[in-house]
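*Asks:* A structural model of the following input is requested.
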Amino acid sequence: MTKEEAASALGVSKVQIWRLENKSNTVSAERLFEIADLYGIDPRTLLHGEGAAETPHKLYTRIGEVVAMVEEEAQRLDAKPPPHLVGEAVVEILRQETRNQIAPDSAPLDATKYQGLVSLLFKQATNT
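*Replies:* Alright, predicted model coming up:
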């Protein structure tokens, strides 16, 4: 698509398209979605570049792995933690994964790194 075609479709000038392409202008969220729709791409790709649309799926997969690991650890400990505590364990593990800058797709989740954390959280719950 040419700048002229994009400008016409969005109702702006070629100069405004050039400014957007060269990050000389900021763009509203509404305009971002219009541009993404025009090009048939995910808006996150415009903000973050190639592969940005894949990130949520990878993140959701990692969250699923963490939830499964926490549930397995609860079964191993024969614990019945309240749901909020399971949530706290999942959030803390994901924080640590993020803090260590482990990308969701970089490596399989190492459950052994977090067994102590989960065990401690669950034991504290049974002691209160």
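
*Asks:* which SS state does Val12 fall under?
*Replies:* coil (DSSP: H, G, I helix; E, B strand; the rest coil).

*Asks:* scan the protein for its longest helix.
*Replies:* Taking DSSP state H as the criterion, the chain has its longest helix at helix 54-76.

*Asks:* quick check: buried residues in it?
*Replies:* The neighbour-count check on helix 54-76 (16 or more other CB atoms under 10 Å) flags 62-63, 65-67, 69-70, 73-74 as buried. C-beta coordinates here come from the backbone N, C-alpha and C atoms, glycine included.

*Asks:* ok, now stretch 107-125?
*Replies:* Neighbour-count burial for stretch 107-125, with 16+ other CB under 10 Å as criterion, is recorded at 109, 111, 114, 118-119, 121-122, 125.

*Asks:* same check on stretch 76-88?
*Replies:* Applying a neighbour-count criterion of 16+ other CB under 10 Å, one finds 79, 81, 85-86, 88 buried in stretch 76-88.

*Asks:* pLDDT of the longest helix of the chain, averaged?
*Replies:* The average pLDDT within helix 54-76 is 83.

*Asks:* go on, stretch 80-95?
*Replies:* pLDDT averaged over stretch 80-95 gives 87.

*Asks:* rewinding a little: mind putting the buried residues of helix 54-76 in CSV, distance to Arg95 included?
*Replies:* Putting the buried residues of helix 54-76 into CSV (distance: CB to CB, whole Å) gives the following:
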residue, distance to Arg95
Arg62, 12
Ile63, 12
Glu65, 15
Val66, 11
Val67, 15
Met69, 15
Val70, 14
Glu73, 17
Ala74, 19
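
*Asks:* right, and the helix or strand after the longest helix of the chain?
*Replies:* helix 83-99 (DSSP states H and E).

*Asks:* picking up where we left off before, taking the buried residues of helix 54-76 together, which two end up most distant?
*Replies:* Pairwise distances across the buried residues of helix 54-76 (CB to CB) peak at 18.9 Å, for the pair Arg62 and Ala74.

*Asks:* alright, that wraps it up for me.
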